[in-house]
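Participant: missing the sequence, but the structure's below:
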């Protein structure tokens, strides 16, 4: 009874901000779709002319499209940690990519983090993750131990094969905590499992929070053969490399369309908030298109950080809205909490985007936005790349062995002219606040002890 009262109270609070879509609606269902390595220019709604993505486009056309939305990091794990925690990733122990072997892994999600799934659970939701996790391979960090009632998907980072579902010969596919060996293309499996979950969730008296996390279009660029053949026929002028990526993206879009259709089929579409986003920018050397922005995945330039993001909520968010307001992956956490009527009783870095959804300005339009990545291997040597954006200005270090660069994003959105020497006062101020953020991250443990058998002798 108390849970029901809290749900009604949360719904009443939201009705003050948004008109009701249907009589008797309470907390909305929440579906967050996160894809992997999608280029800013790799949707037709974001300017692509050599592919078609009607399902994802429908989220933007039926809701609000963000043109200045940023991933918290230009690689997978940190951005996902920011979504899960509402915080900068280095402040929750995930400054880099969590990998199979500890000596190559650069992140360990802090055990004290209150995840978005924890919040939704306590707020009366049934919680599920379908698809890619990538925030911990050890049992204490499995999704079912981090707030998700249900997990059907992939624990690891990339799959070496979309059909074999292994990484370094290890099977990371799970149904809750049980290892499974399903047959089929990973995109098709995640789509199928999401549709099944949406159908089953309808029978519950609780709303659902579903995090649907595709590993497409991450490498290997391995679309189903029939989709590749259709792409080559439909777009005869594109290169083989680009055709493979187009096929993988269009196949994923088709799956997302099936998920959206399932909401309609189960008569839940008007009571469901849908968020679409990517974990970082597109990978250029496999054909990714970042819409003319500089560089791509792994980079602190705009092509690695700026991502396509759209939010749809029938009857509450005005269809066809486009916003230039800047936002970050971590902002989705407080946004979801506010919409669900779940109070935040702990400090996070993200800010709610509800004002934008209701046609108003963001509460903190001039806040600095920080980006941080720490990685190993020969390219990074365990050191840090980072950036800060404030107002029109962006300061960045794209290699730990290179000096800081300064760009004016208003006059130079493609980051062609380094103004570090021309504007020393702006450079020094941004460098100062970036150092303070670096100190904050430096105080947070990010890896369990390395095994003695891999220590240098």
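Facilitator: Yes, it's here. Bear in mind the structure is a predicted one, so any value in this text is a computation, not a measurement.
Participant: Any stretches of the stretch 1-150 of the chain with poor pLDDT?
Facilitator: For the stretch 1-150 of the chain, the stretches with pLDDT under 70 are 1-25.
Participant: All the strands of it, residue numbers only.
Facilitator: 29-35, 64-70, 126-132, 150-154 (DSSP state E, counting those that start in this stretch).
Participant: So which of the ones you listed has the densest surroundings on average?
Facilitator: Highest mean neighbour count of the strands of the stretch 1-150 of the chain: strand 126-132, a mean of 26 (counted as mean count of other C-beta atoms under 10 Å). C-beta here means a position set from N, CA and C on the backbone, and glycine is covered the same way.
Participant: partner strands of it, parallel or antiparallel?
Facilitator: strand 150-154 (parallel), strand 208-213 (parallel) (DSSP bridges).
Participant: Of all the strands of the stretch 1-150 of the chain, which one is nearest residue 50?
Facilitator: Across the strands of the stretch 1-150 of the chain, residue 50 has its closest neighbour in strand 29-35 (18.2 Å, C-beta to C-beta).
Participant: Who are the packing partners of the closest one?
Facilitator: Strand 29-35 makes packing contacts with helix 76-85, strand 208-213, helix 240-265, strand 272-278, helix 332-340 when contacts are defined by 3 or more C-beta pairs under 8 Å, 6 or more residues apart in numbering; DSSP states H and E.
Participant: Let me have these in a markdown table, extended by distance to residue 176.
Facilitator: Below are the helices and strands packed on strand 29-35 laid out as a markdown table (distance: least, C-beta to C-beta, whole Å):
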| stretch | distance to residue 176 |
| --- | --- |
| helix 76-85 | 18 |
| strand 208-213 | 15 |
| helix 240-265 | 21 |
| strand 272-278 | 24 |
| helix 332-340 | 23 |
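Participant: Skipping adjacent residues, who's closest to residue 299 in space?
Facilitator: Nearest non-adjacent residue to residue 299, counting by C-beta to C-beta, 6 or more residues apart in numbering: residue 74, 5.5 Å away.
Participant: Isn't that neighbour up against residue 304?
Facilitator: Yes - the pair formed by residue 74 and residue 304 meets the contact definition of C-beta atoms under 8 Å, at 3.4 Å.
Participant: what sits in contact with each of the two?
Facilitator: Taking C-beta atoms under 8 Å, 6 or more residues apart in numbering as the contact criterion, the common neighbours of residue 74 and residue 304 are 280-281, 297-298.
Participant: Okay, buried residues for the helix or strand containing residue 432 please.
Facilitator: Using DSSP states H and E, residue 432 falls within helix 424-442. Under the neighbour-count criterion of 16 or more other C-beta atoms under 10 Å, helix 424-442 has 426-427, 430, 434, 437, 441 buried.
Participant: tell me which of the residues you listed is nearest to residue 350?
Facilitator: Lowest distance from residue 350 to the buried residues of helix 424-442 (C-beta to C-beta) belongs to residue 437, with 14.8 Å.
Participant: For the residue nearest to that closest one when sequence neighbours are not counted, what are phi and psi?
Facilitator: Among residues not flanking residue 437 along the chain, residue 370 sits closest, at 4.6 Å (C-beta to C-beta, 6+ apart). Residue 370 adopts backbone torsions of phi -110, psi 150, taken as degrees, to the nearest 10.
Participant: Can you list the buried residues in stretch 233-241?
Facilitator: Quick answer for stretch 233-241 (16+ other C-beta under 10 Å): 235, 238.
Participant: which residues sit against that stretch?
Facilitator: 50-51, 221, 231, 243, 246, 286-287.
Participant: Buried members of these into ChimeraX, please.
Facilitator: Burial among these is assessed by 16+ other C-beta under 10 Å; the matching ChimeraX selection reads:
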select :51,221,231,243,246,286,287
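Participant: of the contacts of stretch 233-241, closest to residue 106?
Facilitator: residue 286 (22.4 Å).
Participant: Contacts only, for that closest one.
Facilitator: With C-beta under 8 Å, 6+ apart, residue 286 has these contacts: 219, 221, 241, 244-245.
Participant: Kindly report the same for residue 434.
Facilitator: 370, 386-388, 395 are the contacts of residue 434 under C-beta under 8 Å, 6+ apart.
Participant: Apply 10 Å and report the result again.
Facilitator: By C-beta atoms under 10 Å, 6 or more residues apart in numbering, residue 434 lies in contact with 368, 370-372, 386-388, 390, 395-397, 404.
Participant: and what of residue 170?
Facilitator: By C-beta under 10 Å, 6+ apart, the contact list for residue 170 reads 100, 137, 155-156, 160, 179.
Participant: For it, give the beta-bridge partners.
Facilitator: Residues in beta-bridge contact with residue 170 (DSSP bridges): residue 167.
Participant: For it, give its distance to residue 101.
Facilitator: For residue 170, the distance to residue 101 (C-beta to C-beta, to the nearest Å) stands at 10 Å.
Participant: Give the residues shared as contacts by these two.
Facilitator: Common neighbours of residue 170 and residue 101 are listed as residue 137 (criterion: C-beta under 10 Å, 6+ apart).
Participant: surely residue 39 meets residue 282?
Facilitator: Yes - if you go by C-beta atoms under 10 Å, residue 39 and residue 282 touch, sitting 2.5 Å apart.
Participant: Those two: which has the busier surroundings?
Facilitator: residue 39 (30 against 27; other C-beta atoms under 10 Å).
Participant: residue contacts, that one?
Facilitator: If you count contacts by C-beta under 10 Å, 6+ apart, residue 39 has them with 46, 48, 217, 245, 249, 278, 280-284, 286-291, 293, 296-297, 303, 306-308.
Participant: and if we set it to 8 Å?
Facilitator: Residue 39 is in contact with 281-283, 288-291, 296, 303, counting by C-beta under 8 Å, 6+ apart.
Participant: Taking these, tell me the two that lie furthest apart.
Facilitator: Once C-beta to C-beta is applied, the contacts of residue 39 give 283 and 291 as the farthest pair, at 14.2 Å.
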